[in-house]
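J.: no letters, just coordinates:
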């Protein structure tokens, strides 16, 4: 099954409205002391590589396009490579994909 067939993101207009609202919340969190504290060590949440605070991006564990929210519990610092590789997956789906690729 291809990824395109796996995700049913719902009504495209509703998804876009949700994303727009959550991105506004993300902008506020990015300026908060909480976020500055999260990136202070400069470590990627996923690969644990030190990339420096300036190179970390905000990643939503449950992607906005899949109904995720811009909350402290759903946002982690990620290096650009991990953030790009994760795409619309949740961390569990990413791990399952890695296990499947190792089994082949």
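T.: Good, I have the coordinates. Computed from a predicted structure; not experimentally measured.
J.: C-alpha from now on. contacts and neighbour counts both.
T.: Will do.
J.: so where's the protein uncertain?
T.: Applying pLDDT under 70 to the chain flags residues 1-9.
J.: and the helix or strand harbouring residue 102, what does it pack onto?
T.: Secondary-structure assignment from DSSP states H and E places residue 102 in helix 91-103. Of the remaining helices and strands, none touches helix 91-103 by 3 or more C-alpha pairs under 8 Å, 6 or more residues apart in numbering; DSSP states H and E.
J.: touching it from outside, list them.
T.: 61, 86 (C-alpha atoms under 8 Å, 6 or more residues apart in numbering).
J.: and it, how far from the chain's centre?
T.: 17 Å (C-alpha atoms, centre = their mean, to the nearest Å).
J.: also stretch 72-80?
T.: The mean C-alpha position of stretch 72-80 is separated from the chain mean by 6 Å, C-alpha atoms, centre = their mean.
J.: list the buried ones in that stretch?
T.: 75, 76, 77, 78, 79, 80 (16 or more other C-alpha atoms under 10 Å).
J.: which one of these is nearest residue 36?
T.: residue 77 (10.1 Å; C-alpha to C-alpha).
J.: ok, the closest residue to the closest one other than its chain neighbours - how many residues close by?
T.: By the measure of C-alpha to C-alpha, 6 or more residues apart in numbering, the closest residue to residue 77 outside its immediate chain neighbours is residue 58, 5.0 Å from it. By other C-alpha atoms under 10 Å, the residues close to residue 58 number 21.
J.: mind starting the numbering at 833 from now?
T.: All set: I'll call the first residue 833, so the last point we hit is now residue 890.
J.: secondary structure element holding residue 890?
T.: Counting by DSSP H and E, residue 890 is part of strand 889-892.
J.: in this structure residue 915 contacts residue 889, no?
T.: Yes - with contact defined as C-alpha atoms under 8 Å, residue 915 counts as touching residue 889 (7.4 Å).
J.: in the longest helix belonging to the chain, what counts as buried?
T.: Identified as the longest helix of the chain according to DSSP state H is helix 844-862. Neighbour-count burial for helix 844-862, counted by 16+ other C-alpha under 10 Å, picks out 850, 851, 854, 858, 861.
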